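Visitor: fold the stuff below for me.
(chains A and B)
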Amino acid sequence: MASLILDDIVIEQDQRLLLSLDTTVAPGDVLTVMGPSGVGKSTLLAFIAGFLSPAFTPRGRVLLDKTRIDTLPAEQRHVGLLFQDPLLFPHLDVEGNLAFGMVREGNRRHRREQIHEALASVGLEAFAKRDPATLSGGQKARVALLRVLLSQPRAILLDEPFSKLDAGLRDEIRHWVFERVRHYRLPTLMVTHDEADARAAAGRIITLNDTTTSYRP
Amino acid sequence: MSRTASYRFTIGVLPWLTIALLSLPVASGVLGAMAPAFGYLPVLGGDSLTLAPWRQLLEVPGLADMVRLSVVTGLASSALSLGIVVLFLGSFLHTPLYRRVQRWLSPLLAVPHAAAAIGLAFLLAPSGWVARGLSPWASGWQYPPDFAFPGDAWGLSLILGLVIKEVPFLLLMSLAALVQCQARERLTVARSLGYRPLTGFLKVVMPGLYPLLRLPLYAVIAFASSTVDVAMILGPSTPPTLAVSVVGWLNDPALSMHFMASAGALLQMLLTLTALGIWYALERLVVCLSRRWWWDGRRQCGERWLGGMALTTMRLVLGLMLASLAGLMLWSVAAYWPFPRFLPWPPTLHNWQAAADDLIVPVGQSLLVATAATLLSLVLVLGSLEAETLRRRPMRRWAQVILYLPLLVPSVAFLFGLVMMQAQAGIQPGLGAVIVGHAVFVLPYVFLSLAESYRRLDPRWSQQARSLGAGPWRVFLCVRLPLLLAPILTAAAVGFAVSVGQYLPTVMMGAGRVVTVTTEAVSLASGGDRRLTAIFALAQLLLPALGFLLAMLVPRYLFRRRQDLLPRAD
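Guide: Okay, the predicted model is just below:
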């Protein structure tokens, strides 16, 4: 399994240093990045995932083991992304959403079996043909993570993934997500405002703020 | 070429094709009209530059009246339309009435200018529905009265005809602009400071809204000051507006008249520019005069009176439009309908049966041209909007102006030159030329209808899809297009309606070889057969209505099991 290496990352905006970071996330580890709005947490995720706005100037390298990925198009980086909204495609059913991210190998039947196994693993086997809009918040969150996992990512980025869930549901989904990324030994980087998220991740925590924009272990 | 490279190439090229489609015909058309205006057109024996066409033009009897009529009707109808829209928005924004009017916008916009004008002419004519409704009990008329309306020398009926079409257009343009200028938030702040709705709207929303409405408004002025089909139906004929006269000179069997027609086309362009200049000067004046008023802290200004006026005028506009359409339907099923009887009785379908054969070719060609022009426009617009997404920045200001170019330059000015160039290049007039000619006018409307929805689509949908391994083509085709299907189909329906309503490009680029329901309806309107005219006007109306119906039903059917993509009931 791969480590996610952020090698001497520096991101500037209008020639002003926004953040500077140099660290490695080992397989199955969850690195939490915390800090107030505007310090560049989501910008860091956008850079790693390949969606950085041209308004920012990045330097440094992002590697998954020995492969440099920051020069690749977003779709070739194999970095799964979970936002605070599950963003299940509303024009597809649950099965269609899961199929969208799957790697194209095997025939249609095989792929369908994989989808049904994945849904069964989270108790949603009866929901394959359902409209995503009819799922509960927890079910949507599960399907969103299953979709990412079925796309066979080599690392996962979480952008405040639990902030829109009900308080009661948040603990349960948090536990489930972290258990999964550890099970698949995926290096995971999570951006959050919520200290409870960071505690539940039980990994290293980096706190960025206006005066301390850099982290060098 | 890899898929990513082919995507980047295609999406990179389409905006330039869009700019070319919009700017080249207009620029070459204006240039093409210039040389003959100064006597140079070798194919017609004009070998040297001369001012003779201009001298000939200045000697035309009633030229000053034509010019006055064009400028006055253009400015007056635009000012009235803007006034009605602003007062209505100010008085009723975000009320149930506003939402009801909003629902009527698309069907009202689907009504082509010529169909609305024919309906209005039937409504207001001496033997029209209004006179019948008042006779004999109120007017005492046993026979149709003897007055020239529509077609009055002041152009009042022309102004009215333009207003009933421009009000829905400006309202539609305002919808997107209101969101962009954060009208709701601005108004909430003003209301919380004690301002009444209309005063708050005029003082804090209008300064943000007007700059966004400026280009659509200029397009309205350009259209109103140079319209041909509406002026032929509702305008006076002795003399007519300048644009109508130019088309008449162009169709004159004496080819030497083409020189004067060129000069007339250029004069029309100058005239529209003058109208726009006058409007701009008025804008500055209003801003100067309003400054003190913005600061004076007055919380209300005749709210009740102005609100009542807004409601009355909006009801009048909508009522006139609906009554015009009802009149068309009645004439299409009328057998014997003597004055002052209010309704034709008994109704008959004989008129439709008799016209069925005559309808086949115009309806078929209208469908063909409108479908092709809309598809061409849609591909270019989607490419241009996707290019914005790819470059992560909105279209540049100069490109936005080019987008409006065909709407700002009077069509009679550049289409005439374009026909000249087409002839010199040896391009045969016909369906192909008409489709391209229509696309020049359809594309801006498709863009205006779609841009806001396209730009507002959450970019995280694409990011999510790409992080799942989807390439840019797949993201575009399998995520962005399905999510935007409803607005895309609505934009296509708007484009289709615009194409069906085109008169001048069909007549000029097709050289009479392409016959559509609009060309037939306009030529029938000057004749005496109201029944046949009504049938063609209704056919002109039904085609766009069909387009809007499909645009509404197709997403509902495809997404019948997808709650988030169905229209909400709010």
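Visitor: can you pull out the low-pLDDT segments for chain A?
Guide: Across chain A, the ranges flagged by pLDDT under 70 are A:210-217.
Visitor: state which helix of chain A is the longest.
Guide: Criterion DSSP state H: the longest helix present in chain A is helix A:167-183.
Visitor: indicate whether the helix or strand following that helix makes contact with chain B.
Guide: Downstream of helix A:167-183, the next assigned helix or strand under DSSP states H and E is strand A:188-192. No - judged by Cβ under 8 Å from any Cβ of the partner chain, strand A:188-192 stays clear of chain B, getting no closer than 13.1 Å. Quick note: C-beta positions are derived from backbone N, CA and C, even for glycine.
Visitor: which residue ranges of the stretch 251-400 of chain B form helices?
Guide: With DSSP state H, counting those that start in this stretch as the criterion, the stretch 251-400 of chain B has helices at B:257-295, B:303-332, B:350-391, B:397-408.
Visitor: that's a strand at residue A:59, yeah?
Guide: Yes - the assignment for residue A:59 (DSSP: H, G, I helix; E, B strand; the rest coil) places it in a strand.
Visitor: what residues does chain A have near chain B?
Guide: Counting by Cβ under 8 Å from any Cβ, chain A comes close to chain B at A:49-51, A:53-54, A:73-81, A:83, A:85, A:87, A:89-91, A:93, A:100-101, A:103, A:131-134, A:147-148, A:151, A:153, A:157.
Visitor: out of the residues you listed, which sit inside strands?
Guide: Among those, DSSP state E puts A:79-81, A:157 in strands.
Visitor: are any of these buried, and if so which?
Guide: Buried members of these, scored by 16 or more other Cβ atoms under 10 Å in any protein chain shown, are A:79-81, A:157.
Visitor: ok, those residues vs chain B, which is closest?
Guide: Closest to chain B out of those is residue A:81 (3.8 Å), distances taken as Cβ to the nearest Cβ.
Visitor: quick revisit: residue A:2 is nearest to which of the helices of the stretch 251-400 of chain B?
Guide: Nearest of the helices of the stretch 251-400 of chain B to residue A:2, taken as Cβ to Cβ: helix B:350-391 at 29.6 Å.
Visitor: residues contacting the residue in the stretch 51-200 of chain B that chain A sits nearest to?
Guide: Closest residue of the stretch 51-200 of chain B to chain A, Cβ to the nearest Cβ: residue B:185 (20.2 Å). By Cβ atoms under 8 Å, 6 or more residues apart in numbering or on different chains, no residues touch residue B:185.
Visitor: tell me the secondary structure for it?
Guide: For residue B:185, the assignment made with three-state DSSP gives helix.
Visitor: how near is it to residue B:200?
Guide: Distance, residue B:185 to residue B:200, by Cβ to Cβ, to the nearest Å: 12 Å.
Visitor: check residue B:295 too.
Guide: Relative to residue B:200, and taking Cβ to Cβ, residue B:295 is found at 15 Å.
Visitor: between the two, which one's more packed in?
Guide: residue B:200 (24 against 9; other Cβ atoms under 10 Å in any protein chain shown).
Visitor: now the more buried one. Nearest residue, chain neighbours left out?
Guide: Sequence neighbours aside, residue B:190 is the residue nearest to residue B:200 in space, at 3.3 Å (criterion: Cβ to Cβ, 6 or more residues apart in numbering or on different chains).
Visitor: got the CA coordinates for the host helix or strand of that neighbour in CSV?
Guide: In the assignment (DSSP H and E), residue B:190 maps to helix B:183-192. Output in CSV follows, covering the C-alpha atoms of helix B:183-192 (Å, rounded to 0.1, in the frame of the first residue of the first chain):
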residue,chain,number,x,y,z
ALA,B,183,-31.7,41.7,-4.9
ARG,B,184,-33.3,39.8,-2.1
GLU,B,185,-30.5,40.6,0.3
ARG,B,186,-30.3,44.3,-0.7
LEU,B,187,-34.1,44.6,-0.3
THR,B,188,-34.1,42.9,3.1
VAL,B,189,-31.5,45.4,4.4
ALA,B,190,-33.6,48.3,3.0
ARG,B,191,-36.8,47.0,4.4
SER,B,192,-35.2,46.5,7.8
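Visitor: chain A contacts on the stretch 251-400 of chain B?
Guide: Contact residues, the stretch 251-400 of chain B versus chain A (Cβ under 8 Å from any Cβ): B:392-393.
Visitor: give me the neighbour count for the one residue in the stretch 251-400 of chain B that gets nearest to chain A.
Guide: Taking Cβ to the nearest Cβ, chain A has its nearest neighbour within the stretch 251-400 of chain B at residue B:392, 6.0 Å off. Using other Cβ under 10 Å, residue B:392 has 12 neighbouring residues.
Visitor: angles on the backbone of it, please.
Guide: The phi and psi values for residue B:392, taken as degrees, to the nearest 10, are phi 60, psi 40.
Visitor: so who does residue 102 touch?
Guide: Unless you meant another one, I'm taking chain A. Contacts of residue A:102 by Cβ under 8 Å, 6+ apart are A:111, A:114-115, A:150-151.
Visitor: please go with chain B instead
Guide: For residue B:102, the contact set (Cβ under 8 Å, 6+ apart) comprises B:171, B:175.
Visitor: do that again at 10 Å, thanks
Guide: Going by Cβ atoms under 10 Å, 6 or more residues apart in numbering or on different chains, residue B:102 touches B:171-172, B:175.
Visitor: likewise residue B:156?
Guide: B:73, B:76, B:124, B:149-150, B:234, B:236.
Visitor: quick one on the thing from earlier: so which of the contacts of residue A:102 sit within helices?
Guide: Counting by DSSP H, the contacts of residue A:102 contribute A:111, A:114-115, A:150 to helices.
Visitor: run through the residues that contact the residue nearest the centre of chain A.
Guide: Nearest to the geometric centre of chain A sits residue A:157, at 2.5 Å (Cα atoms, centre = their mean). Contacts for residue A:157 (Cβ under 10 Å, 6+ apart) come out as A:4, A:42, A:44-46, A:48-49, A:79-83, A:148, A:187-191, B:467.
Visitor: try it again at 6 Å.
Guide: By Cβ atoms under 6 Å, 6 or more residues apart in numbering or on different chains, the contact set of residue A:157 is A:45, A:49, A:81, A:189.
Visitor: are any of the contacts of residue B:102 buried, and which?
Guide: Neighbour counting by 16+ other Cβ under 10 Å classes B:171-172 among the contacts of residue B:102 as buried.
Visitor: of the contacts of residue B:102, which is the nearest to residue B:376?
Guide: residue B:172 (22.5 Å).
Visitor: what's the local residue count around the spatially closest residue to the closest one that is not a sequence neighbour?
Guide: Of all residues not flanking residue B:172 in the chain, residue B:105 sits nearest, at 5.3 Å (Cβ to Cβ, 6+ apart). By the measure other Cβ under 10 Å, the count of residues near residue B:105 is 15.
Visitor: per-residue pLDDT of the residue nearest to residue B:200, please?
Guide: As predicted, residue B:190 sits at a pLDDT of 88.
Visitor: and if you look at residue B:515?
Guide: pLDDT, residue B:515: 95.
Visitor: thought it was touching residue B:362?
Guide: Yes - between residue B:515 and residue B:362 a contact is recorded at 5.1 Å, counting by Cβ atoms under 6 Å.
Visitor: for residue B:144, which three-state class applies?
Guide: Following three-state DSSP, we place residue B:144 in the coil state.
Visitor: look up phi and psi at it.
Guide: According to degrees, to the nearest 10, residue B:144 has phi -60, psi 130.
Visitor: which residues touch residue 173?
Guide: You didn't say which chain, so I picked chain A. Residue A:173 is in contact with A:138, A:141, A:165, counting by Cβ under 6 Å, 6+ apart.
Visitor: try chain B instead
Guide: Counting by Cβ under 6 Å, 6+ apart, residue B:173 touches residue B:216.
Visitor: am I right that it is in a helix?
Guide: Yes - counting by three-state DSSP, residue B:173 falls inside a helix.
Visitor: and residue B:29, how many neighbours does it have?
Guide: Taking other Cβ under 10 Å as the criterion, the count of residues near residue B:29 is 28.
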